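Undergrad: Give me a model of this one.
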Amino acid sequence: MFLGFPSTGYEKDDEAVLLRNRRGFIRMATRHRVPVLPVYVFGASKNFHRVGLPVIFEKLSKLFRVSIVLFFGRLGLPIAIVGRGLTYVIGKPIEPPPGSMGEDEAVRKMHHDFCEEMAGIFERYKYEYGWGHKTLRIV
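TA: Sure, this is the predicted structure:
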């Protein structure tokens, strides 16, 4: 859960990854010619519940460039007590495109490939985790 999400059209069985407009890490990877590695953590979204805070906290978060979040786990405790555990799945490394491509085009291509691989690893492993009924939304 994060600001503006869940939004209209969100189903309870949807999992979300905040990636659509996040390209800074891809830009750095293309500049330095290093691959990026997609990793999805099954169960992370079920560890904590977030408390809705007044709008002033959103403004303070933007001012200080840090998230101000109140969260709680099972039994209201501020720690995650997980019954199921977390499962990390790792996709194939996404290599920067060849150097003949312009930077913006290379970033778009690499970002697209990264998002596709993230969705792919979710789809490949969701049944093993018991989340066959869930879908991944890249927002």
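Undergrad: what's the closest non-adjacent residue to the most centrally placed residue in the chain?
TA: Nearest to the mean C-alpha position of the chain, by C-alpha atoms, centre = their mean, lies Val17 at 3.2 Å. Distances taken as C-beta to C-beta, 6 or more residues apart in numbering place Ile138 nearest to Val17, at 5.3 Å, with adjacent residues excluded. (Each C-beta comes from the backbone N, C-alpha and C, glycine too.)
Undergrad: what separates that neighbour from Gly102, distance-wise?
TA: Applying C-beta to C-beta, to the nearest Å, the value for Ile138 to Gly102 is 24 Å.
Undergrad: neighbour-wise, which of these two wins?
TA: Neighbour tally, Ile138 and Gly102, criterion other C-beta atoms under 10 Å: the higher count belongs to Ile138, 15 against 9.
Undergrad: What residues does the more buried one make contact with?
TA: Ile138 makes contacts with 16-17, 19-20, 115, 118-119, as judged by C-beta atoms under 8 Å, 6 or more residues apart in numbering.
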